[in-house]
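> Starting from these lines, generate the structure:
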Amino acid sequence: GLGHQMATERKGRGSGRLAILTGDSSSPFFESEWKLGTLFNMLWRFGPLNFFRLRGVGKDFIANFTRLYEVQDQGQSFATPRALLTAASLYRWTTMSCGEGLAEALGYNTAAEAEAAAISAELAAALTRNNYNQEVRDMGALCCFTAVAPLAAGGSKAAWSVRGGNSRIAQGLAEK
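Modelled structure (predicted):
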């Protein structure tokens, strides 16, 4: 019975558009009002191959994560978190760092190479800082791709929260 609220409806949220401020001398990235404008700007800045590879990993991640709900609906249970994550094809992301996961996803030879690429240093880093207040180099791939997955779901315009705060989920579960 909980309602959802689009990110753009939250007080103080502004336009709800993505901005990446890198803190160095490079120019900031701002999401356009137009979807095609944003796509063109991202492809130009991060490279089409890297962008579509990262977006593809996000799509796969969402599809795999959705399997968790499917197995729950089937009444399936698991003795360990590893068994659950393996059933959803997510376990391997728990065994590597974000940099290693990005290297694999983007085709780089090393985690350091992947972390230095603009798509990681700017886009993935902004997403992980926004969601977890963590740097790419300090987190695991599972959390990293949880932060990156919204790229595949429509970006910041698709973001939402529970009306009245996400804490209402835990409160409702405790009450039931």
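> What is the lengthiest helix in the chain packed up against?
Ordering each helix of the chain by length in residues (DSSP state H) puts helix 48-73 first. With contacts defined as 3 or more CB pairs under 8 Å, 6 or more residues apart in numbering; DSSP states H and E, the packing partners of helix 48-73 are helix 35-46, helix 81-87, helix 98-106, helix 141-148, helix 150-153. Every C-beta, even on glycine, is put in place using the N, C-alpha and C of the backbone.
> Report the rounded mean pLDDT for the first one.
So that's helix 35-46. The pLDDT scores in helix 35-46 average 83.
> what about this protein, any weak spots by pLDDT?
Counting by pLDDT under 70, the ranges of the chain that qualify are 7-18, 22-26, 152-159.
> still on that earlier bit, tabulate the helices and strands packed on helix 48-73 (TSV), appending distance to residue 71 and mean neighbour count.
Formatted as TSV, those follow (distance: least, CB to CB, whole Å; neighbours: other CB atoms under 10 Å):
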stretch	distance to residue 71	mean neighbour count
helix 35-46	34	15
helix 81-87	6	14
helix 98-106	23	23
helix 141-148	17	24
helix 150-153	21	18
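> So which of those is nearest residue 73?
In terms of CB to CB, the element of these nearest to residue 73 is helix 81-87, at 12.9 Å.
> What is that closest one packed up against?
Counting contacts by 3+ CB pairs under 8 Å, 6+ apart, helix 81-87 packs against helix 48-73.
> so how far is stretch 45-59 from its chain's centroid?
How far stretch 45-59 lies from its chain's middle: 12 Å, per CA atoms, centre = their mean, to the nearest Å.
> got the CA coordinates for that stretch in CSV?
Written as CSV, here are the backbone C-alpha positions of stretch 45-59 (Å, rounded to 0.1, in the frame of the first residue of the first chain):
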residue,chain,number,x,y,z
ARG,A,45,32.1,12.2,-23.9
PHE,A,46,32.5,8.5,-23.0
GLY,A,47,32.7,6.8,-26.3
PRO,A,48,29.9,4.8,-27.9
LEU,A,49,31.5,1.4,-27.3
ASN,A,50,32.1,2.0,-23.6
PHE,A,51,28.7,3.6,-23.1
PHE,A,52,26.7,0.8,-24.7
ARG,A,53,28.9,-1.9,-23.0
LEU,A,54,28.2,-0.3,-19.6
ARG,A,55,24.5,0.1,-20.4
GLY,A,56,24.4,-3.5,-21.5
VAL,A,57,25.9,-4.7,-18.2
GLY,A,58,23.2,-2.6,-16.5
LYS,A,59,20.5,-4.3,-18.5
